[in-house]
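Undergrad: One predicted model, sequence on top.
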Amino acid sequence: MNYIAERKLLFSEKSSPIKNEVSLRISSPYIVQQNDVKFSVDGVTAGCDVEIDGLDERKISYYGMDSLQAINLASNIDPLIERLSAKYDFFWLTGEPYFEE
């Protein structure tokens, strides 16, 4: 799979001092095929996947009316990291918290 962007962070499970690295990678946009989704597509609808390497979480797919919107939706990873923050704490590679307290 081709990736257009990547962010590397550190994470720890809640109440654990052990930090590990996680990579979030955004795939190149692709045209969504009708048999792959449960909504109507028009041959221009595009998707981008965010692959999470280092956690047990699966990849997340984002869909847009075109490739630019799909990239825009997938690249805004803060809501995804906030959702994952219920189980994990995230840090920049420098060790600083990802989200300001």
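TA: All right, it came through fine.
Undergrad: all contacts plus neighbour counts: C-alpha atoms, from now on.
TA: OK.
Undergrad: Which neighbouring elements make contact with the helix or strand of the chain with the lowest mean pLDDT?
TA: Lowest on mean pLDDT, DSSP states H and E among the helices and strands of the chain sits strand 30-31, with a mean of 92. Applying 3 or more Cα pairs under 8 Å, 6 or more residues apart in numbering; DSSP states H and E, we find strand 30-31 packed against strand 46-53.
Undergrad: what's in contact with the strand it packs on?
TA: Applying Cα atoms under 8 Å, 6 or more residues apart in numbering, the external contacts of strand 46-53 come out as 22-32, 58-67, 70-71, 74.
Undergrad: how about the strands in the chain?
TA: 3-13, 20-27, 30-31, 46-53, 60-64, 88-91 (DSSP state E).
Undergrad: JSON lines for those strands, including distance to residue 78 and mean neighbour count?
TA: Below are the strands of the chain laid out as JSON lines (distance: least, Cα to Cα, whole Å; neighbours: other Cα atoms under 10 Å):
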{"stretch": "strand 3-13", "distance to residue 78": "11", "mean neighbour count": "17"}
{"stretch": "strand 20-27", "distance to residue 78": "11", "mean neighbour count": "20"}
{"stretch": "strand 30-31", "distance to residue 78": "22", "mean neighbour count": "16"}
{"stretch": "strand 46-53", "distance to residue 78": "12", "mean neighbour count": "22"}
{"stretch": "strand 60-64", "distance to residue 78": "13", "mean neighbour count": "18"}
{"stretch": "strand 88-91", "distance to residue 78": "11", "mean neighbour count": "21"}
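Undergrad: Quick one, which of these gets closest to residue 38.
TA: With Cα to Cα, the closest approach to residue 38 among these belongs to strand 60-64: 11.9 Å.
Undergrad: Can you give the strand pairings for the least confident helix or strand of the chain, parallel or anti for each?
TA: Using DSSP bridges, the strands paired with strand 30-31 are strand 46-53 (antiparallel).
Undergrad: roughly how far apart are the residue of the chain most remote from its centre and residue 31?
TA: Going by Cα atoms, centre = their mean, the residue of the chain most distant from its centre is residue 42, 24.6 Å out. To residue 31, residue 42 is 9 Å away according to Cα to Cα, to the nearest Å.
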